[in-house]
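> next one to model:
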Amino acid sequence: MTTTLHGLRVVSAVEAWCQLATTLAEDDLVVCGDALIRRKEPIATVEQLAAAVASSPRRPGVRSLRSALARVRARTDSPMESVLRLALVRAGLPEPAVNYLIVGPDGEVVAHGDLAYPAAKVVVEYDGDQHRTDARQYYIDVDRLWRIRTMGWEVVRLNRTHMVSDAHEAVRRVRLALALS
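Numbering: from 1, shown residues only. As a prediction, the model looks like this:
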């Protein structure tokens, strides 16, 4: 499927994702698929991804596409949320909810937890550098995390240093938080 962009004929974002199956690792296909159906301003739907995969059963890389599609999740906000989610599942932890709505007792939305284990009341927040370098974001985070904690949730804050070696330290911290809940 093609479309026109700035007067040029190009393949659609969904078709581009399908074509990447011959060059990307499966986890990278998942990250790209998540980005297409992200929470804010999604480019596609999971149904569109599924239809594209189903419509070309002999496409090169179709096995990788099918496998990746089964692990694609809507509502992500960043590639690192996807990478972290995949690492947690690969380590044998239950799959967390993506951008889980944490609602206060008055029905007010307190936060969208990056990754959450609602039954355990554990929320996992991945902080990119903007959470440290952007003063406005930093102040928002301080207040948001305080509100989450006052509702009885355990907050596991992670950053890129916790993601080395297949996210070993991130997995360790989440595993500990779940064990203590």
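
> show me where the protein has its strands.
2-5, 8-11, 97-103, 109-117, 122-126, 154-158 (DSSP state E).

> so how far is the third one from its chain's centroid?
Looking back up the chat, that one is strand 97-103. Centroid separation for strand 97-103 versus its chain: 12 Å, with C-alpha atoms, centre = their mean, to the nearest Å.

> what residues of that strand count as buried?
97-100, 102 (16 or more other C-beta atoms under 10 Å). C-beta here means a position set from N, CA and C on the backbone, and glycine is covered the same way.

> next one: the fourth one
By neighbour count, with 16+ other C-beta under 10 Å as the criterion, the buried positions of strand 109-117 are 110-117.

> picking up where we left off before, kindly reformat the buried residues of strand 97-103 as a markdown table and extend each row with pLDDT and distance to residue 15.
Formatted as a markdown table, the buried residues of strand 97-103 follow (pLDDT from 0 to 100; distance: C-beta to C-beta, whole Å):
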| residue | pLDDT | distance to residue 15 |
| --- | --- | --- |
| 97 | 98 | 30 |
| 98 | 97 | 25 |
| 99 | 96 | 26 |
| 100 | 97 | 31 |
| 102 | 96 | 36 |
